[in-house]
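Peer 1: Based on what follows, work out the 3D shape:
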Amino acid sequence: IRDKLVTGVQTCALPISLLAVPYRRRNVRDWSHLPNTGDVWHMWNVVRPSCVPRGSRGVTRDPRARVARDFRAVQHSDPPDRDLLHSGGRYDSGKRFINPPSLECAVNARRFATFSLIGLIASCGRQEGADTSGESPVAADSSGVQIVQLLPMPRRGGGVALESRPFLDIGGISGSNENELDLRTPWLNALRLSDGSVIVNETTVLKRFSVRGVLRDSIGRAGDGPGEFRQIREVCPMQGDSLLVVDFASSRRSVIDSSGAIVRTLATDGAIPVGACDAAGNVLVRMTSLEGRDKSSGVPNTSRFRLLSPGNEWISAELEIRNTRVAGPLMFDQSFGFAGSDIVVADPEDNSISVFARSGKLLRILRFPDPPRAVTDSDWDSLVLWAYPPRLNSPELRRLLVERARILRPPRFPSFARVWVDGDQRVWIQDFFDRTAFNVIRLTGQAVGRVVVPSGRPTHVASDYVVAKSYDADGAVHLQLYSIRTE
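Peer 2: All right, here's what the predicted structure looks like:
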């Protein structure tokens, strides 16, 4: 009993001492779930003088002023016409991205005392943001399926991190248009080969850059013939520096050898999700939708998926997987990956990650410890007003828009934005509210750590590097490659 009392006093000493600190009246907003080193941290509260518009007491009748209060503007890496539905936010004229709403602003000490009391209670148990890397999650078997209950994710640090500076920066304004990157490409990405060169996929062409970022050559052109592309969605690395190019618009796959020659072009009967290709060139294809339909949208709830080889042969049993669901300005989009011969499916609506064998058997389900944040009426109204349409000036039209959109409101936000599985079978879970942050775990459920990309928005995760897309002051797009450091 004495040891427990001593431990309890040591654990709770910091929040108890903070309760005794005099509190000056100022605008405070809870950003503790966002790793932002530019803010001034006060335990779980962050002082943000610009949180409430000047002259406001936190309450306003103007919906646009309320939206401006509820959303946080941060520099983002995508142009203003893409990823709006997926992110639940929008862009302003300065190419700044407006994130979904967080907690409302507080302007009095009563709100501060409430948060302090909550923090005091939480601190006497497991410390918020405690490093859970290395700890074993709770696992149980249910009808031959392993159910893994994940531990709370660490808020900082852990066993993996990124270097503060990129080892390669491609793009920007140069003297030649060929050296610049096309910012109109919706799936612009980069892939490093074994010799250090980098392949960048634009809409209809692949560009090969040297280890110094100098353009060496290009592959493909616009069109429907051999060696031509209409809209490249993804480039998947294969063994021996071969590449599998997924052409979304023409429903074709092209195999390119290490010399850059296109050796095979295959038609695909079905849709290939992003990330659904492995090192052998196999792709996961959505075949047909099942009969069950969502009541609100009428879209089928699930679809049948099968694995297709580079020889256009089906090599797996059928998998039944939930379809992507669009709920107004929010999108619940599944992520796909591979861990050896197993297929990984991450569902942001089910709050879980599932691992399937090629036989179609469900092997493991990883469940997140906490449910996603609930979507309140205020959250939803702000999202709808901020997303559709950008210049809706009539108060009556705004009211009708909000009322009619409430039927689409989901109970909760997505659990995450996207999930990648790297070559070391680490799972990178992208935070929904902060797209620069990852929670990294292993497929066994063990936490590895929390990683924050120094600049830009992540587009690809490999075993030893992360690719991020960003824009400079001239509006030119850059792809930056950061080395992964194991700690």
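
Peer 1: SS state for residue 379?
Peer 2: At residue 379, secondary structure determined by DSSP: H, G, I helix; E, B strand; the rest coil is helix.

Peer 1: Equivalent analysis for the one 3 residues further on, please.
Peer 2: Per three-state DSSP, the local secondary structure of residue 382 is helix.

Peer 1: Distance-wise, check it relative to residue 405.
Peer 2: Distance, residue 382 to residue 405, by CB to CB, to the nearest Å: 11 Å. The C-beta positions use only the backbone N, C-alpha and C, and glycine is treated the same way.

Peer 1: Repeat that for residue 369.
Peer 2: When residue 369 is compared with residue 405 (using CB to CB), they lie 31 Å apart.

Peer 1: And these two? Which one has more around it.
Peer 2: Set residue 369 next to residue 405 and count neighbours by other CB atoms under 10 Å: residue 405 wins out with 19 against 13.

Peer 1: Secondary structure element for residue 235, which one?
Peer 2: Assigned by DSSP states H and E, residue 235 belongs to strand 232-237.

Peer 1: what stretches of the stretch 51-200 of the chain score poorly on pLDDT?
Peer 2: Low-confidence segments of the stretch 51-200 of the chain (pLDDT under 70): 51-136, 138.

Peer 1: how about 90 then?
Peer 2: For the stretch 51-200 of the chain, the stretches flagged by pLDDT under 90 are 51-144, 151-159, 173-180, 182-186.

Peer 1: swap in the stretch 251-400 of the chain?
Peer 2: Using pLDDT under 90, the stretch 251-400 of the chain drops low at 251, 267-271, 287-303, 310-312, 320, 322-329, 369-370, 381-400.

Peer 1: all strands for it, in order.
Peer 2: Along the stretch 251-400 of the chain, counting by DSSP state E, counting those that start in this stretch, strands occupy 252-256, 262-267, 283-289, 302-308, 319-322, 325-327, 330-332, 335-339, 342-347, 352-356, 362-367.

Peer 1: what are the ranges of the helices in the stretch 151-300 of the chain?
Peer 2: Counting by DSSP state H, counting those that start in this stretch, the stretch 151-300 of the chain forms no helices at all.

Peer 1: Dump the strands of the stretch 251-400 of the chain into TSV; add distance to residue 160 as well.
Peer 2: Formatted as TSV, the strands of the stretch 251-400 of the chain follow (distance: least, CB to CB, whole Å):
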stretch	distance to residue 160
strand 252-256	31
strand 262-267	36
strand 283-289	27
strand 302-308	29
strand 319-322	28
strand 325-327	31
strand 330-332	27
strand 335-339	17
strand 342-347	18
strand 352-356	18
strand 362-367	18
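
Peer 1: Minimum distance to residue 144: which of those strands has it?
Peer 2: strand 362-367 (8.4 Å; CB to CB).

Peer 1: residues in contact with residue 486?
Peer 2: Contacts for residue 486 (CB atoms under 8 Å, 6 or more residues apart in numbering) come out as 159, 160.

Peer 1: Hmm, I typed the wrong one, I wanted residue 239.
Peer 2: Here residue 239 is in contact with 279, 280 (criterion: CB under 8 Å, 6+ apart).

Peer 1: Test my guess that residue 160 contacts residue 466.
Peer 2: No. Using CB atoms under 8 Å, residue 160 makes no contact with residue 466, being 10.4 Å away.

Peer 1: shared neighbours of the two, which are they?
Peer 2: In contact with both residue 160 and residue 466: 451, 484, using CB under 8 Å, 6+ apart.

Peer 1: More neighbours: which of those two?
Peer 2: Shown here are residue 160 and residue 466; by other CB under 10 Å, residue 466 has more neighbours (25 against 19).

Peer 1: Just to check, the more buried one is in contact with residue 455?
Peer 2: No. Counting by CB under 8 Å, residue 466 stays clear of residue 455, with 11.2 Å between them.

Peer 1: Not counting its neighbours along the chain, what's nearest residue 139?
Peer 2: residue 148 (4.8 Å; CB to CB, 6 or more residues apart in numbering).

Peer 1: coming back round to it: mind checking which of the strands of the stretch 251-400 of the chain is nearest residue 232?
Peer 2: Between these, strand 252-256 lies closest to residue 232; by CB to CB that is 9.2 Å.

Peer 1: Return the list of helices and strands in contact with the closest one.
Peer 2: In terms of contacts (3 or more CB pairs under 8 Å, 6 or more residues apart in numbering; DSSP states H and E), strand 252-256 is packed against strand 243-247, strand 262-267.

Peer 1: Since that was my last question, I'll sign off now.
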